[in-house]
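> only geometry, no sequence info:
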């Protein structure tokens, strides 16, 4: 196991609602990256946090936002949920600025939007 | 554009045989490549990486080959075991404005036949 934990494991929401997903990084890691993995697809980069600041973003709309805390844990917030937001959300932690070292993934949160 | 894709979506291999999983990438400006293994219900697990200035790297039962001329990457698994059954992703790692961005392909499912 990587030491990266995520909560909750599963979540069901309805369209238009808001959701917060949480990630605890591996000890010693200061960078957290979030990914969206649709069924049958590879993970798609959402954004990355390094020392509590956003440090890069993929092609996701502003309703996807995040936070990183002083202990390097992180949250992913999604507002105005859409059906297409149903996916596995993965966080990965790494060390070094910008995630210079290998990213290690958590087990993911399965989000279903009805 | 950016794309990392795989030639074969599903690969069935007899237990004990060698497996070869292929990956094509489109952008030659990548810094290194990583192979991940994802089992059902789990996050991607790091297997092996290779820097762009290398052609080959070996690990325990795995070998990664990089052919920059044709932009092709392969993962070879020796003496394939039932525990190797999973989806395998190659990820292209590119440094953009201080962020190590991971670009994943769609994955290849490896089925090990007893």
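Looks like it arrived, so ask away. Quantities reported herein were computed from a predicted structural model and do not represent experimental measurements.

> alpha carbons only for contacts and neighbour counts from here, please
Fine.

> please list the residues outside stretch A:8-22 that contact it.
Here stretch A:8-22 makes contact (Cα atoms under 8 Å, 6 or more residues apart in numbering or on different chains) with A:6-7, A:73-83, A:108-114.

> buried among the residues you listed? Need that as a selection in PyMOL.
The buried residues among these can be selected in PyMOL (16 or more other Cα atoms under 10 Å in any protein chain shown) with this line:
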select buried, chain A and resi 6+7+73+74+75+76+78+81+82+108+109+110+111+112+113
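
> may I have the phi/psi pair for the residue lying farthest from the centre of chain B?
Going by Cα atoms, centre = their mean, the residue of chain B most distant from its centre is residue B:97, 25.1 Å out. Main-chain dihedrals, residue B:97, degrees, to the nearest 10: phi 50, psi 40.

> and for residue B:79?
Torsion angles, degrees, to the nearest 10, at residue B:79: phi 50, psi 60.

> residues near it, how many?
By other Cα atoms under 10 Å in any protein chain shown, 14 other residues sit near residue B:79.

> pull the contacting residues for residue B:91.
Residue B:91 is in contact with B:4, B:33, B:34, B:35, B:36, B:102, B:103, B:104, B:105, counting by Cα under 8 Å, 6+ apart.

> with adjacent residues omitted, what lies nearest to the third one?
Right, residue B:34. Of all residues not flanking residue B:34 in the chain, residue B:49 sits nearest, at 4.2 Å (Cα to Cα, 6 or more residues apart in numbering or on different chains).

> residues in contact with stretch A:48-57?
Outside of stretch A:48-57, the residues within contact range by Cα under 8 Å, 6+ apart are A:30-34, A:45-47, A:66-70, A:72, A:97-99, B:97-99.
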